[in-house]
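Undergrad: here are the coordinates; sequence isn't available:
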């Protein structure tokens, strides 16, 4: 996991609440709306997100073994609020790309420092499959 678990716990309890106030409007950020696999409860998680080819790419800065990622995979999709819009997304898949070639250069440099190599690709509902 690129970022330590302790940092992830702190961010979930503290930072995410602050980031959530602007993540749905800020460039490169968004809020993933997902449903708990066991609880059925609705959650929102701030993410780094980029529009690409009829869908979105979400950086997995904590790796693929997080609850929100497992929830989205289990549900086969989610909603994403980004730049003031809401998109319904489907067909999530995890991709490992050590070079993060999909990301803009400044973002790639940050991902290199934190050793983040995975991302999730999702299609916007209503687009053709890849």
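TA: Perfect, I can see it now. No experiment lies behind these values; they were computed from the predicted model shown. Numbers count the residues shown, from 1 in each chain.
Undergrad: what's around residue 34, how many residues?
TA: When neighbours are counted by other CB atoms under 10 Å, residue 34 registers 24. (C-beta placed from N, C-alpha, C; glycine too.)
Undergrad: any idea which element it lies in?
TA: Element membership for residue 34 (DSSP states H and E) is strand 29-35.
Undergrad: any idea which helix or strand comes after that strand?
TA: strand 42-52.
Undergrad: returning to what we had before: partner strands of the strand holding residue 34, parallel or antiparallel?
TA: Strand 29-35 has these partner strands in its sheet, going by DSSP bridges: strand 42-52 (antiparallel), strand 77-82 (antiparallel).
Undergrad: what's the next secondary structure element after the longest one?
TA: Okay, so that is strand 42-52. Remark: after strand 42-52, the chain's next helix or strand is strand 55-59, criterion DSSP H and E.
Undergrad: The chain: helices as residue ranges?
TA: 5-10, 16-19, 67-75, 105-114 (DSSP state H).
Undergrad: Least confident of those, on average?
TA: When those are ranked by mean pLDDT, helix 16-19 comes last with a mean of 54.
Undergrad: ok so, going back, give me whichever of the strands paired with strand 29-35 is most buried.
TA: strand 77-82 (a mean of 21; mean count of other CB atoms under 10 Å).
Undergrad: Which residue lies nearest the spatial centre of the protein?
TA: residue 58 (3.7 Å; CA atoms, centre = their mean).
Undergrad: residues contacting that one?
TA: By CB atoms under 8 Å, 6 or more residues apart in numbering, the contact list for residue 58 reads 30, 32, 47, 48, 49, 80, 119, 120, 122.
Undergrad: burial measure for residue 125, as a count.
TA: 13.
Undergrad: and the nearest residue to it once chain neighbours are set aside, bridged to which residues?
TA: Closest residue to residue 125 apart from its sequence neighbours, by CB to CB, 6 or more residues apart in numbering: residue 88 at 4.2 Å. Residue 88 has these beta-bridge partners by DSSP bridges: residue 79.
Undergrad: Residue 88 is in contact with residue 79, isn't it?
TA: Yes - assessed by CB atoms under 8 Å, residue 88 is found in contact with residue 79 at 5.6 Å.
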